[in-house]
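> give me coordinates for this.
(one chain, ligands or ions: 1)
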Amino acid sequence: MPAGIFYFSLLEQMVKAEKKMSEEEIEELIRKNFKMKGLIIADVKIIKMNDNTLKTGSSKLVPAALTASGAINEKWTNGVTQEEFKILQDYIYKTIKDIGKEILSGKIDLKPYNKKGNTPCTYCKYHAICGFNSKQNDNCYNYIDQKTKDEILMKMSTGDVS
Ligand code: SF4
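The predicted structure is shown next:
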């Protein structure tokens, strides 16, 4: 049973400071930057198995927090139920399969995402090769609009992700 899905940067962490810091303070900041992002199964037992030092407050390791009474702090926890996680897994497996089939059938459209004006083209080094130009008729962005977690899960469970 998955406990969640997490990631963190493997890049060497740099600490910026305006005043002299002790080695412990620097280490603390570096550790903070290595806190994992992602999605955890919203279950107190699972959260504590991921961070066995967590009693209350925010975890320093995973995206979860507990209230003073030991319950999940919804506001500071990026969590889903096991059922919701299964919906995500099924949807991702299906999407990967569909993308694989499309590539094998020769469908390799230029369709970078566009989320509130942010696109991967800003950082991409291959623009000279792909030649994407949103002003050309057959080049268009895959616009991603803001949805709540519940809306996304509902769409994934019904297969209606547009
Ligand atoms: S520049 Fe081209 S290859 Fe790079 S992200 Fe944009 S569309 Fe994709």
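> ok, the residue nearest the centre of the chain - contacts?
Closest to where the C-alpha atoms of the chain average out (C-alpha atoms, centre = their mean) is Gly38, at 4.9 Å. Neighbouring residues of Gly38 by C-beta atoms under 8 Å, 6 or more residues apart in numbering: 4-7, 62-63, 78. (Glycine included, C-beta is placed from N, CA and C.)
> how about Thr77?
Thr77 neighbours (C-beta under 8 Å, 6+ apart): 40, 42, 47, 63-65.
> could you do Asn114 as well?
Asn114 touches 141-144, counting by C-beta under 8 Å, 6+ apart.
> circling back: among the contacts of Thr77, which lie within helices?
Ile47 (DSSP state H).
> any chance of the contacts of Thr77 in CSV, plus distance to Leu54 and pLDDT?
CSV is the format used below for those (distance: C-beta to C-beta, whole Å; pLDDT from 0 to 100):
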residue, distance to Leu54, pLDDT
Ile40, 11, 97
Ala42, 14, 96
Ile47, 7, 97
Pro63, 12, 96
Ala64, 7, 97
Ala65, 8, 97
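> of the contacts of Thr77, closest to Arg31?
Nearest to Arg31 out of the contacts of Thr77 is Pro63 (C-beta to C-beta; 15.1 Å).
> surely the closest one touches Ile47?
No. Using C-beta atoms under 8 Å, Pro63 is not in contact with Ile47, being 9.7 Å away.
> who's more crowded, the two?
Legend: neighbour count by other C-beta atoms under 10 Å for Pro63 and Ile47, higher for Ile47 (24 against 20).
> circling back: the ligand: which of the contacts of Asn114 is nearest?
Tyr141 (8.9 Å; C-beta to the nearest ligand atom).
> and Ile87, how many neighbours?
18.
> show me the contacts for Ser157.
Listed by C-beta under 8 Å, 6+ apart, the contact partners of Ser157 are Ile87.
> the closest residue to Leu110 other than its chain neighbours: what's it in contact with?
Nearest non-adjacent residue to Leu110, counting by C-beta to C-beta, 6 or more residues apart in numbering: Phe132, 4.8 Å away. For Phe132, the contact set (C-beta under 8 Å, 6+ apart) comprises 110, 112, 121, 139.
> many thanks, we can stop here.
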